[in-house]
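Undergrad: next input, structure requested:
(4 chains)
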There are 2 protein chains.
Amino acid sequence: MPGPRWRGNFKERGHRMTGPRDAILDVVNKKQGHLTADDIFFEVRKSYPGIGIATIYRTLDLFVRMGLVNKFDFGGGKSRYEFTSKEKHHHHLVCKNCGRVVDYDSFLDEETELIKKIEAELNRKHDFKIDSHQLDFYGLCKSCQREVK
Amino acid sequence: MPGPRWRGNFKERGHRMTGPRDAILDVVNKKQGHLTADDIFFEVRKSYPGIGIATIYRTLDLFVRMGLVNKFDFGGGKSRYEFTSKEKHHHHLVCKNCGRVVDYDSFLDEETELIKKIEAELNRKHDFKIDSHQLDFYGLCKSCQREVK
DNA sequence: GTATGTGCAAACTTTTTGCTTTTTG
DNA sequence: CAAAAAGCAAAAAGTTTGCACATAC
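TA: The predicted model follows:
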């Protein structure tokens, strides 16, 4: 049962709203936070049991192209997907041991200003059309600080 | 023929300096810049023909643990390796279409200052022991700006 | 000589693709 | 009904692992 919320958005771009797409959108919308394709597959099967993993990948790819979802790669061999929130821009704090990812949004004003300057410079110097950036910190989370040496 | 340069470094840590390790070190040292395991494999085979891809992976992993090499993930499904240079810290500008990666080091002073502040805050707030960060910009390079829409 | 490292091939994991059937508009 | 999407299974692509043989110290 395709929800009404995104219908227009899809139609405009020549895509169809379908059961699987609605179910996937629902999951990334509710369970936001760095989900792997498999996380999403697992979760979506609860509301849409017949779905296949290929549909998960194809749909996430579509959502990324539509700007509904952001795709990240923190290392570890799996891509991570996150609903494109209308809320505050944020970055990530990644534990190198357990892979846990924490969002943060400190000093965003200063950051935004600096990022703007860098973007302008890079645009000019390297002729890149920049549309996004990613600032991630890597380290060990509280519990992994003991375990690992 | 294992070079003398890194011998001590290896011995200290209970590792042995071997032909393959020397050859790999040589390649990442000379051809610096975001190499994939396969790039390195291809290159190393010129000076050490019998080498296997497994050795490349195992050795790069060792080098990462030893701090000789940094491992990155820009998306695209391949890990990238870069010699841990004593030179200026830098970040990356990644083309989302062709995967080309350009280094940049603009505004590093301002950046360093900001990064320090954020690190301190994150350390305190989330109890993470941060040891590195990565700031990457994504966009389309000159030639891909036409090709892709 | 013994522990460590290597090569090879097989295994694993994540992601993609081909093709037939199903569904949407 | 025609075009787009889904399901399934097979294939790719990248990386890891097991094991017998080779090498460093």
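Undergrad: pick out the residue nearest the middle of chain A.
TA: The residue lying closest to the centre of chain A (C-alpha atoms, centre = their mean) is A:E82, at 2.6 Å.
Undergrad: residues touching that residue, list them.
TA: A:28, A:32-35, A:69-70, A:72 (C-beta atoms under 8 Å, 6 or more residues apart in numbering or on different chains). Where you see a C-beta, it was placed from the backbone N, CA and C, and this is true even at glycine.
Undergrad: so the helix or strand A:R65 falls within, near chain B or not?
TA: Assigned by DSSP states H and E, A:R65 belongs to helix A:53-66. No: Helix A:53-66 lies out of reach of chain B by C-beta under 8 Å from any C-beta of the partner chain, never closer than 10.4 Å.
Undergrad: buried set for stretch A:102-116?
TA: Neighbour-count burial for stretch A:102-116 flags A:102, A:104, A:106, A:111, A:114-115 (criterion: 16 or more other C-beta atoms under 10 Å in any protein chain shown).
Undergrad: residues contacting it, please?
TA: The set of residues that contact stretch A:102-116 without belonging to it, under C-beta under 8 Å, 6+ apart, is A:33, A:88-94, A:133, A:135, A:137, A:141, B:107, B:110-111, B:114, B:117-118, B:121-122, B:125-126, B:128.
Undergrad: A:I118 against B:F137, yeah?
TA: Yes: counting by C-beta atoms under 8 Å, A:I118 touches B:F137, with 7.3 Å between them.
Undergrad: after the helix holding A:R65, which helix or strand is next?
TA: Counting by DSSP H and E, what follows helix A:53-66 is strand A:69-72.
Undergrad: pLDDT of that next one, averaged?
TA: Average pLDDT, strand A:69-72: 92.
Undergrad: now do that strand: distance to the chain's middle.
TA: Strand A:69-72 sits 3 Å away from the centroid of its parent chain (C-alpha atoms, centre = their mean, to the nearest Å).
Undergrad: now check that strand, is it near DNA strand C?
TA: No: Strand A:69-72 lies out of reach of DNA strand C by C-beta under 7 Å from any atom of the strand, never closer than 8.8 Å.
Undergrad: let's see stretch A:93-102 as CSV, backbone CA atoms only.
TA: Only the C-alpha atoms of stretch A:93-102 are listed here, as CSV (Å, rounded to 0.1, in the frame of the first residue of the first chain):
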residue,chain,number,x,y,z
LEU,A,93,32.4,9.8,14.7
VAL,A,94,33.4,6.3,13.8
CYS,A,95,34.8,3.7,16.1
LYS,A,96,37.6,1.9,14.3
ASN,A,97,37.1,-1.2,16.3
CYS,A,98,33.4,-1.9,16.5
GLY,A,99,32.2,0.3,13.7
ARG,A,100,29.8,2.2,15.8
VAL,A,101,28.9,5.5,14.3
VAL,A,102,27.9,8.6,16.3
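Undergrad: pLDDT wise, what is A:A23 at?
TA: A:A23 is assigned 97 on the pLDDT scale.
Undergrad: tell me which parts of chain A are close to DNA strand D?
TA: Residues of chain A lying close to DNA strand D (C-beta under 7 Å from any atom of the strand) are A:14-16, A:18-21, A:48, A:50-55, A:58-59, A:77.
Undergrad: which of the residues you listed count as buried?
TA: For these, buried by 16+ other C-beta under 10 Å: A:20-21, A:48, A:51, A:55, A:59.
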